[in-house]
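J.: when you get a sec, could you give me coordinates for this:
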Amino acid sequence: MATLTISRQHGSSGRQIGQEIAHEIGYEYIDREQILTDIREKGQEWEKWEKEFEEHHPTIWERYDWSFRGFVALQQSLIFDYALKDNVVIMGRGANFLLKDISYVLKVRFEAPLDKRIEMVQNRENTDRATAQWMIKKLDKESKGFIGTVYGADWNVHTYYDIIFNTAVQSTDMIMASLKTTLAEKDQLKTEDAKNILRMKAAAFRVKAGILTNSKFFVPTLNIFPSNDTIVLKGVVHNPKEYKNLEDEARRLAGNIPVKCELNYR
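T.: Model (predicted):
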């Protein structure tokens with residue numbers, strides 16, 4: 001079935017509806033906690049970047065840090081792997097931006113006026129209005145900062161989504177029915193060509209994550225992407241030995257998918 005990605009303003013009930021629709025149609029529900037668990041299994045050094053995100057947005061210099069790039073690539077590779085499994089709801093983490101070219105992915109956004117969200121958080125957390133408003137602003141700022149840093153996009157722009165739900169005026173039952181109908185329509189777009197696009201993108205991001213999380217490599221400029229049925233590496237390396245090591249590792253990670261290296265020397 002089609003994959004569902006959800007972006008939400010905090011307090012808009014997007015998370016609850018995401019969990020509910022996943023349960024009702026038998027989808028796996030993937031959120032920040034699951035991705036962090038997966039990242040932790042790859043090594044606790046990667047988890048620290050999530051905490052860094054929560055405290056401040058990485059500086060321009062930190063964004064070029066090897067470990068930051070590895071953390072981002074690892075997270076993106078995990079999201080692609082979940083999308084490959086099918087029957088999945090992916091909550092946040094920029095999945096709608098990452099999977100934007102996959103025709104059978106339904107990209108949904110949940111919003112509501114601030115007063116309604118404050119009321120919802122007050123009831124859910126049993127807290128006062130000022131605290132609820134502070135929580136919403138803090139979490140919205142973190143999410144917006146994450147998307148801006150990693151994808152260079154504004155998560156509030158509606159053109160990034162297939163459907164925008166306003167949970168202040170649309171009932172959960174109405175939203176659930178709409179999601180089921182639209183997921184069925186999206187599933188009709190799940191052609192072999194579309195599935196191959198997802199497979200190749202997932203493979204390219206798996207190679208990228210494998211290289212950027214390998215401390216043996218320090219490649220300041222590297223782009224890895226699919227081109228038809230080939231994975232292409234473009235970037236700058238220091239010497240022929242590094243070129244050969246990088247090429248060998250990319251071919252190992254890609255398995256039976258052809259790899260083309262277009263690397264230049266610094």
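J.: hang on, isn't Val237 packed against Leu246?
T.: Yes. Applying Cβ atoms under 8 Å, one finds Val237 in contact with Leu246, separated by 6.3 Å. All C-beta atoms are positioned from the backbone trio N, CA, C, and that covers glycine.
J.: those two: which has the busier surroundings?
T.: Val237 (24 against 21; other Cβ atoms under 10 Å).
J.: residue contacts, the more buried one?
T.: 219, 243, 246, 263-266 (Cβ atoms under 8 Å, 6 or more residues apart in numbering).
J.: so in this structure, where's the weakest helix or strand by average pLDDT?
T.: One helix or strand of the chain scores below all others by mean pLDDT, DSSP states H and E: helix 60-63, with a mean of 58.
J.: could you point out which element follows it?
T.: Later in the chain than helix 60-63, the nearest helix or strand by DSSP states H and E is helix 66-85.
J.: so where do the helices sit in the chain?
T.: According to DSSP state H, the chain carries its helices in the segments 14-25, 32-42, 44-55, 60-63, 66-85, 95-98, 114-125, 129-151, 172-187, 192-212, 240-254.
J.: among these, which comes closest to Ser7?
T.: Nearest to Ser7 among those is helix 95-98 (5.6 Å), distances taken as Cβ to Cβ.
J.: can you show me the CA trace of that closest one as CSV?
T.: What follows is helix 95-98, C-alpha atoms only, in CSV (Å, rounded to 0.1, in the frame of the first residue of the first chain):
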residue,chain,number,x,y,z
ALA,A,95,10.1,12.4,5.4
ASN,A,96,7.8,14.3,3.1
PHE,A,97,10.8,16.2,1.8
LEU,A,98,13.0,13.1,1.5
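J.: can you give the contact residues for that helix?
T.: Contacts for helix 95-98 (Cβ under 8 Å, 6+ apart): 5, 7, 76, 79-80, 83, 105, 107-109, 147, 151, 153, 160-161.
J.: switch to 7 Å and redo it
T.: Contacts to helix 95-98, defined as Cβ atoms under 7 Å, 6 or more residues apart in numbering, come from residues 5, 7, 76, 79, 107, 147, 151, 153, 160-161.
J.: okay, these in CSV with pLDDT next?
T.: Shown next, in CSV, are the contacts of helix 95-98 (pLDDT from 0 to 100):
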residue, pLDDT
Thr5, 97
Ser7, 95
Gln76, 95
Ile79, 96
Lys107, 97
Ile147, 89
Tyr151, 90
Ala153, 91
Tyr160, 95
Tyr161, 96
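J.: what's the most distant pair in those residues?
T.: Maximum distance among these (Cβ to Cβ): 19.0 Å, for Gln76 and Tyr161.
J.: low-confidence regions, the stretch 1-150 of the chain specifically.
T.: For the stretch 1-150 of the chain, the stretches with pLDDT under 70 are 44-45, 47-66.
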